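Asker: predicted model follows, preceded by the sequence.
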Amino acid sequence: MMEPDTTSEFERALLSLDRVAARNILTSDGFETPIQRVEKLVVPALERIGTDWEQGTVALSQVYMSGRICEELVDAILPPGDPGRKNQPKTAIAALQDYHLLGKRIVYSVLRASGFDLLDYGRVEVNDLVRRARDDRIEVLLISVLMLPSALRVKDVRAKLQASGSDVKIAVGGAPFRLDDHLWQEVGADAMGRDASEAIEIMSQFAGGIP
Amino acid sequence: MTHTQLTSLQRVVTTLGHKEPDRVPFFLLATMHGAKELGLSIQEYFSRAENVVEGQLRMRAKYRHDCLSNFFYAAIEMEAWGGQVIYAQDGPPNSGGPILRTPEDIKNLEPPKVRQSACLAKVLTATQMLKAQVGDDAPIIGVVVSPFSLPVMQMGFDQYIELIYEQPEWFERLMRVNEEFCVEWANAQLAAGATAITYFDPVSSPTIVPKEMYLETGFQIAKRTISRIPSLTAIHLASGRSLPIVDNVVDTGASVIGVSSLENLTEMKAACRGKLTVLGNLNGIEMRRWTPQQAEAAVKDAIAKAGPGGGFILSDNHGEIPWQVPEEVLLAVSEAVHTWGNYPLDWVKDDG
């Protein structure tokens, strides 16, 4: 059983960018499998950091750097494609239209550090996103935006995917959705994440609680 | 009426002195709606200074607000630095890919010369034309992106955060280059007729960097830069939070703070009272689907929380009204401030 103090210690190491301390805690005794280390230590710490950002006590730069550090650490103990990673729907993430990639990068890092595997489409336009999601048979599509016009384009993505017979789940995130609680439903998304910790929750729900 | 009607400039100056003018000043920072007025695409609209001047004047006549803005779009600064601008039909022109691919690119980075930049010259021409039209009747608000926030467009946000944390020498060099540009750009706008400068600095918000980091970086940079801009300055953190750094913002020399709709306006006003004028904080994203009644309620709520005692300018939370916000909503906001913003605000006490 993980001591709550260890999670706090791990969180403190992340927020102060102390990679050595974070690695030492993550590789310490007390876990049976790598995915257990991720589930019991990394996920709760990243979830708490995400929630603290939402509440205004942690900054976005800390959320980003914590995610990057965890991504590196987790890749070392649980490489991409490792069968020990989570069983999950096929997932991709993209920044729609905007040249603002930070939000996508944060969610990408946090999800990978939490044991999920996902394709990164980078910055894409609507048609390109639809084509790639269809070709790759994506089941969960995570879309990040900064600007309102890009947020409104999610509606086009949904319509075009639907027209092609895809029943992909779409989760959205980014400033316009944080500022207008109704916007995600208006554009036809299935879920909206206010921060990286909610992205973990959403992915876990889409994965149907499969560990 | 217990007040004589003031000009827009007098109204703004009075509230900046933390006194009650005749009415709550109203800054409608609608940069793109001028294109609608002229029946032009956003790209056509921003292609000529004359369009922006005409758009600003028509909007002020229609919406009866208290300032003119020479702001085209944030990415125009990146255009001057050699970056690409991507136009949209329904939103502000966006900055394209980064001009700094690696931190080492900072080594040879030189700031563009404001006077030699065609895109910036267009803004300066618009400023001169606005000044010729409006004289001292209304303030003309100039805008600069802060040296601390410009790298989000220069190199991409993720790369920039890593630079701040991990490569302090390159960060310091980048700040020095950006500061020179920012000061020259701000002062050129003032020379062309701008009354005040908005120092747009979203990265300094505690939403983006921790306060301890801000005190060592964004705060120091703002102090150095603002001390070289001889006009009144407003700091705008876009939609980021600002309450925890209000006293630091005062120490930068700024007189006005742009407030996010994520912030509690009552708390902000209490923290800023007598020190900083509060600018904000109508939710521009939600505004898109407001009814006229919701617009009126939002204006009343903001005035009730921040209007008493002056030191308040009603505006949106971001400094740029989205293209999608309908004219009828903007008219309703204007009508509400002209109905409920007249001092003394006796109804605020009556409403309890």
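Answerer: Done, it's in. Numbering: from 1, shown residues only, chains lettered A, B, ... in the order given.

Asker: switch to C-alpha atoms for all contacts and neighbour counts from now on
Answerer: Will do.

Asker: the lowest-mean-pLDDT helix or strand in chain B: how far from the chain's middle?
Answerer: When the helices and strands of chain B are scored by mean pLDDT, DSSP states H and E, helix B:346-350 comes last with a mean of 85. Helix B:346-350 sits 30 Å away from the centroid of its parent chain (CA atoms, centre = their mean, to the nearest Å).

Asker: residues in contact with it?
Answerer: Outside helix B:346-350, the residues that touch it by CA atoms under 8 Å, 6 or more residues apart in numbering or on different chains are B:Ala304.

Asker: could you check how far B:Val249 is from B:Leu276?
Answerer: 8 Å (CA to CA, to the nearest Å).

Asker: for those two, list the residues in contact with both.
Answerer: With CA under 8 Å, 6+ apart as the test, B:Val249 and B:Leu276 both reach B:Ile257.

Asker: strands of chain A, start to end?
Answerer: In chain A, the strands defined using DSSP state E lie at A:91-96, A:119-124, A:140-145, A:169-174, A:191-192.

Asker: for those strands, give me CSV that also has mean neighbour count and mean pLDDT.
Answerer: Output for the strands of chain A, formatted as CSV (neighbours: other CA atoms under 10 Å in any protein chain shown; pLDDT from 0 to 100):
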stretch, mean neighbour count, mean pLDDT
strand A:91-96, 26, 96
strand A:119-124, 17, 94
strand A:140-145, 27, 96
strand A:169-174, 23, 96
strand A:191-192, 20, 97
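
Asker: for chain B, which of those is the nearest?
Answerer: strand A:119-124 (10.2 Å; CA to the nearest CA).

Asker: that closest one packs against which elements?
Answerer: strand A:91-96 (3 or more CA pairs under 8 Å, 6 or more residues apart in numbering or on different chains; DSSP states H and E).

Asker: from the middle of its chain, how far away would the strand it packs on be?
Answerer: In terms of CA atoms, centre = their mean, the centre of strand A:91-96 is set 10 Å apart from its chain centre.

Asker: B:Gly111: neighbouring residues, count only.
Answerer: Not Gly; residue B:111 is Pro. Using other CA atoms under 10 Å in any protein chain shown, B:Pro111 has 17 other residues around it.

Asker: burial check on the residue nearest to A:Gly188 when sequence neighbours are not counted, number of neighbours?
Answerer: Spatial nearest neighbour of A:Gly188, chain neighbours left out: A:Lys155 (5.8 Å); criterion: CA to CA, 6 or more residues apart in numbering or on different chains. Using other CA under 10 Å, A:Lys155 has 18 neighbouring residues.

Asker: so A:Lys155 touches A:Trp184, yeah?
Answerer: No. With contacts counted by CA atoms under 8 Å, A:Lys155 stays clear of A:Trp184, the gap being 9.3 Å.

Asker: quick one: list the elements packing against the lowest-mean-pLDDT helix or strand in chain A.
Answerer: Least confident helix or strand, chain A: helix A:34-37 with a mean of 85, by mean pLDDT, DSSP H and E. Under the contact definition 3+ CA pairs under 8 Å, 6+ apart, helix A:34-37 sits against no other helix or strand.

Asker: make it 10 Å
Answerer: Taking 3 or more CA pairs under 10 Å, 6 or more residues apart in numbering or on different chains; DSSP states H and E as contact, the helices and strands that helix A:34-37 lies on are helix A:19-26, helix A:60-77.

Asker: any bit of the last one sitting next to chain B?
Answerer: Yes. Between helix A:60-77 and chain B, judged by CA under 10 Å from any CA of the partner chain, the touching residues are A:60-65, A:68.

Asker: just checking, what packs against that helix?
Answerer: helix A:4-15, helix A:19-26, helix A:34-37, helix A:43-54, helix A:102-113, helix A:196-206, helix B:157-166.

Asker: of those helices, which is nearest B:Ala302?
Answerer: helix A:43-54 (23.2 Å; CA to CA).

Asker: pLDDT on the closest one, on average?
Answerer: For helix A:43-54, the mean per-residue pLDDT is 91.

Asker: so what does that helix touch, helix or strand wise?
Answerer: Secondary elements touching helix A:43-54 (3+ CA pairs under 10 Å, 6+ apart): helix A:4-15, helix A:60-77, helix A:102-113, helix A:196-206.

Asker: how far off centre is that helix?
Answerer: 12 Å.

Asker: so for that helix, what gets flagged as buried?
Answerer: For helix A:43-54, the neighbour count (16 or more other CA atoms under 10 Å in any protein chain shown) marks A:43-54 as buried.

Asker: same thing with stretch B:59-66?
Answerer: Along stretch B:59-66, the positions that meet the burial threshold by neighbour count (16+ other CA under 10 Å) are B:59-60, B:63-66.

Asker: hmm, A:Gln185 is touching A:Arg158, no?
Answerer: No. Using CA atoms under 10 Å, A:Gln185 makes no contact with A:Arg158, being 11.4 Å away.

Asker: okay, those two: which has more neighbours?
Answerer: Using other CA under 10 Å as the criterion, A:Gln185 and A:Arg158 rank with A:Arg158 on top: 21 against 14.

Asker: related to what we said a few turns ago, ok, the residues of helix A:60-77 next to chain B vs chain B, which is closest?
Answerer: A:Leu60 (4.5 Å).

Asker: mind giving me the domain ranges of chain A?
Answerer: Using automatic domain parsing, the domain parsing of chain A gives A:4-77, A:91-206.

Asker: looking at those domains, which has the lowest confidence?
Answerer: Looking across these, the weakest by mean pLDDT turns out to be domain A:4-77, at a mean of 90.

Asker: what about residue 201, how many residues nearby?
Answerer: Defaulting to chain A. Using other CA under 10 Å, A:Glu201 is surrounded by 15 other residues.

Asker: my bad, the chain I had in mind was chain B
Answerer: Around B:Asp201 there are 21 other residues, counting by other CA under 10 Å.

Asker: so it sits against B:Ser146, correct?
Answerer: Yes. Counting by CA under 10 Å, B:Asp201 touches B:Ser146, with 5.2 Å between them.

Asker: quick one: the strands in the stretch 251-352 of chain B?
Answerer: Secondary structure of the stretch 251-352 of chain B (DSSP state E, counting those that start in this stretch): strands located at B:256-258, B:277-282, B:312-316.
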